[in-house]
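S.K.: Sequence plus the predicted model coming up.
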Amino acid sequence: MVFKCQEDSFLKEYTSRVLSCEEAEHCGTQGYNVICEDTIIFPEGGGQPHDTGYLGGKRVLSVIRKGDTAVHFVESTEPFSPGKEVNQVIDWERRKDHMQQHSGQHLITALFEQEYQFETKAWWLGSETSYIELGAKDITQEQLDSIEKICNDHIAAGKNVSVTVFKNVDCVSDEVTRATRGLPKDHTGPIRVVTISGIDANMCCGTHVTNLSQLQMIKILNVEKTKNKLLVHFLVGERVLKKLNQCYRRELEVNTILNGGPSSHIELLGKLQGNLKRYQRQVKTLLKDIAINEGEKLKCLPLKPKYFFLHRTDGSDLEFLTNFLRSAGALSETFMFLTTVDDTANGQMILQGNPEVISKLGSEICLLLMGKGNGKDNTFRAKITNTKNIKKAETLIVKHFDEIDK
């Protein structure tokens, strides 16, 4: 079945009769699955997401195609009566955006195939950007720039886009390219062919513009290379303007942060990176010096304590604790409880001391701090996630040694 939304993709409002209504749920929302005689609210298919809109004044959250029917999920507390006529209204901004991206994809796909014999294996229409998956091992920036220019030349020329409906797949003319790609396996009945005048003819169930000028513009963004895949990301129409607006606002903010204009951004960022690396080296050296100094202070105490606590909350890594222990040396008479905590309140823990005490307290402290680790001989190491209980762990250690002294 060819739906009304496919006959006239610019129709924003329509009245149709309800055929059935069943109670349903969608993403935790209660409502009804409603089937009408026809619909202007596009059901998901051909790589294009579903429309949203209103049915009888109630919000349509999803539309799926089942065979030759469109099932609307309507957020409503009241059912729709079969046989009753209901008014359908589409979310025009969403429809317009999807038409621009989908027709733009047809144009980009056709030109990659014509100019470089790169076949489109699949495509994806996302909420922010879209991409086509090309059957090519590599692609150059010159090729991308060329396709973008040709696309926009065709848009400026205002090439017509038309839809022809054939009785069935056997009636489709030979000049139609990419014949059955995207045609659902359960498709029955008429076949739609979308034709861009002088450029492309392709079977498709989606909604499309009627003239390339309605695309406004196309911007090819980047190429993403994954295993055995080459994804070309792109924007069409108002998404280009939206992206330009975002980039320009961000540019103004960066101007203020860097205290320099766009032409100096790369240079200024390079200097910042260089300074950051230098400061990181300096901080690493200072932390090592602090760790060694703390270890020396403990080692030089004339009377060694029964237990010693050291907790770093400045994001120091495990290397700090290792340097401290190396500097303090083997202090078998002192039980050491050491931790480092980062900004996420997660951290590392080291317990070091008499193996018997480690065996008795290690697992208990690890559990208290919701850690994951193990002990061996005189040392217990763990990654910890509940650093709020560090004080409780200290109390546990103090209590243990107080009981020994009794």
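M.R.: Cool, got the structure.

S.K.: Residue 63 and residue 72 touch, don't they?
M.R.: Yes - with contacts counted by C-beta atoms under 8 Å, residue 63 reaches residue 72, the gap being 5.2 Å. Yep, even glycine has a C-beta here, placed from its N, CA and C like the rest.

S.K.: Which one of these two is surrounded by more residues?
M.R.: Remark: of residue 63 and residue 72, residue 72 carries more neighbours, 29 against 25, as counted by other C-beta atoms under 10 Å.

S.K.: In a strand, that one, correct?
M.R.: Yes - assigned with DSSP: H, G, I helix; E, B strand; the rest coil, residue 72 falls within a strand.

S.K.: Can you tell me who it pairs with across the strands?
M.R.: For residue 72, the beta-bridge partners under DSSP bridges are residue 34, residue 63.

S.K.: What's the separation between it and residue 85?
M.R.: 15 Å (C-beta to C-beta, to the nearest Å).

S.K.: that older thread, what sits in contact with each of residue 63 and residue 72?
M.R.: Residues touching both residue 63 and residue 72 by C-beta atoms under 8 Å, 6 or more residues apart in numbering: 39, 41.

S.K.: tell me the phi and psi of residue 121?
M.R.: phi -90, psi -30 (degrees, to the nearest 10).

S.K.: Let me know the helix or strand that the nearest residue to it once chain neighbours are set aside is in.
M.R.: Of all residues not flanking residue 121 in the chain, residue 133 sits nearest, at 4.6 Å (C-beta to C-beta, 6 or more residues apart in numbering). Residue 133 is located in strand 130-134, with elements delineated by DSSP states H and E.

S.K.: Show residues contacting that strand.
M.R.: Here strand 130-134 has contacts from 101, 104-105, 108-109, 112, 118-124, 224, 229-236, using C-beta under 8 Å, 6+ apart.

S.K.: List the strands paired with it, with their directions.
M.R.: strand 120-125 (antiparallel), strand 229-236 (antiparallel).

S.K.: Kindly reformat the ones you listed as a markdown table containing mean neighbour count and distance to residue 80.
M.R.: Output for the strands paired with strand 130-134, formatted as a markdown table (neighbours: other C-beta atoms under 10 Å; distance: least, C-beta to C-beta, whole Å):
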| stretch | mean neighbour count | distance to residue 80 |
| --- | --- | --- |
| strand 120-125 | 17 | 29 |
| strand 229-236 | 20 | 35 |
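
S.K.: Could you pull out the buried residues of the helix or strand hosting residue 348?
M.R.: Using DSSP H and E, residue 348 sits within strand 347-352. Within strand 347-352, the residues that count as buried by 16 or more other C-beta atoms under 10 Å are 347, 348, 349, 350, 351, 352.

S.K.: which residues does the fifth one bridge with?
M.R.: When bridges are taken as DSSP bridges, the partners of residue 351 come out as residue 337, residue 380.

S.K.: and the lengthiest strand in the chain, which strands flank it?
M.R.: Using DSSP state E, we find that the single longest strand of the chain is strand 13-26. Strand 13-26 has the following sheet partners, assigned by DSSP bridges: strand 29-36 (antiparallel), strand 85-90 (antiparallel).

S.K.: re the thing from before, in terms of secondary structure, what does whichever helix or strand comes after the strand holding residue 133 contact?
M.R.: Sequence order places helix 141-157 as the next helix or strand after strand 130-134, per DSSP H and E. Counting contacts by 3 or more C-beta pairs under 8 Å, 6 or more residues apart in numbering; DSSP states H and E, helix 141-157 packs against helix 92-116, strand 218-226.

S.K.: Can you check which of the ones you listed gets nearest to residue 373?
M.R.: Among those, strand 218-226 comes nearest to residue 373, with 35.8 Å by C-beta to C-beta.

S.K.: tell me the mean pLDDT over that closest one?
M.R.: For strand 218-226, the mean pLDDT works out to 96.

S.K.: now that strand, how far from the chain's geometric center?
M.R.: Relative to its chain's centre, strand 218-226 lies at 16 Å (C-alpha atoms, centre = their mean, to the nearest Å).

S.K.: okay, the angle between that strand and strand 229-236?
M.R.: Orientation check (axes from the mean of the first three to the mean of the last three C-alpha atoms, to 10 degrees): strand 218-226 against strand 229-236 gives 160 degrees.

S.K.: Parallel or antiparallel, list what pairs with strand 218-226.
M.R.: By DSSP bridges, strand 218-226 pairs with strand 229-236 (antiparallel).

S.K.: what about the strands in the stretch 251-400 of the chain?
M.R.: 307-312, 335-341, 347-352, 372-376, 379-384 (DSSP state E, counting those that start in this stretch).

S.K.: JSON lines please, covering those strands and showing distance to residue 68 and mean pLDDT.
M.R.: Below are the strands of the stretch 251-400 of the chain laid out as JSON lines (distance: least, C-beta to C-beta, whole Å; pLDDT from 0 to 100):
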{"stretch": "strand 307-312", "distance to residue 68": "67", "mean pLDDT": "94"}
{"stretch": "strand 335-341", "distance to residue 68": "61", "mean pLDDT": "93"}
{"stretch": "strand 347-352", "distance to residue 68": "60", "mean pLDDT": "93"}
{"stretch": "strand 372-376", "distance to residue 68": "55", "mean pLDDT": "91"}
{"stretch": "strand 379-384", "distance to residue 68": "57", "mean pLDDT": "94"}
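
S.K.: residue contacts, residue 200?
M.R.: Shown in contact with residue 200 (C-beta under 8 Å, 6+ apart): 106, 107, 109, 110, 177.

S.K.: Okay then, goodbye and thanks.
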